[in-house]
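Student: Need a 3D model of the sequence below.
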Amino acid sequence: MHKNKRKLIVMGDRILIAPDEGEERTKVGLYLPQTVKDKDTVQGGRIVATGPGIPLPDPHDLDDEPWKTSQSETRYTPVQARVGDYALFLRKASVEIKYEDKIYLVVPQGAILVLLRDDETITI
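Tutor: Modelled structure (predicted):
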């Protein structure tokens, strides 16, 4: 039997997050105050994928000859979030999706309040 290999591709400055299950203390040790939990305005979760960022215009596209086609590769302003980071974000800005029986949230980078990243110090 032939099985299709599919994967989610996150677009633009969007972030794909596996949300926490609504605990008082997040899995990474951040405490959310009762006022935040009551309003359900802020949520946390682990980042599982990011988009490439916001596309930048190609300066060569501003030539006086708009009929010319450009062969340059699209460049992006990258997102700050990385796969594996823990994010606190504004819940109302997210879109819930279900993929392969798992719930994910798609969040624009602008809705992320803070990122918690493991220390990246390198010892030589």
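
Student: which strands and helices sit next to the helix or strand containing residue 46?
Tutor: Using DSSP states H and E, residue 46 sits within strand 42-50. Packing contacts for strand 42-50, counted by 3 or more Cβ pairs under 8 Å, 6 or more residues apart in numbering; DSSP states H and E, involve strand 14-19, strand 86-90, strand 102-108. Every C-beta, even on glycine, is put in place using the N, C-alpha and C of the backbone.

Student: Name the next helix or strand downstream of it, please.
Tutor: Next element after strand 42-50 (DSSP H and E): strand 54-56.

Student: Contacts for that next one, please.
Tutor: 12-13, 74-77 (Cβ atoms under 8 Å, 6 or more residues apart in numbering).

Student: Could you find the lowest-pLDDT member of those?
Tutor: pLDDT across the contacts of strand 54-56 is lowest for residue 74, at 81.

Student: Contacts only, for that residue.
Tutor: Contacts for residue 74 (Cβ under 8 Å, 6+ apart) come out as 55-56, 58.
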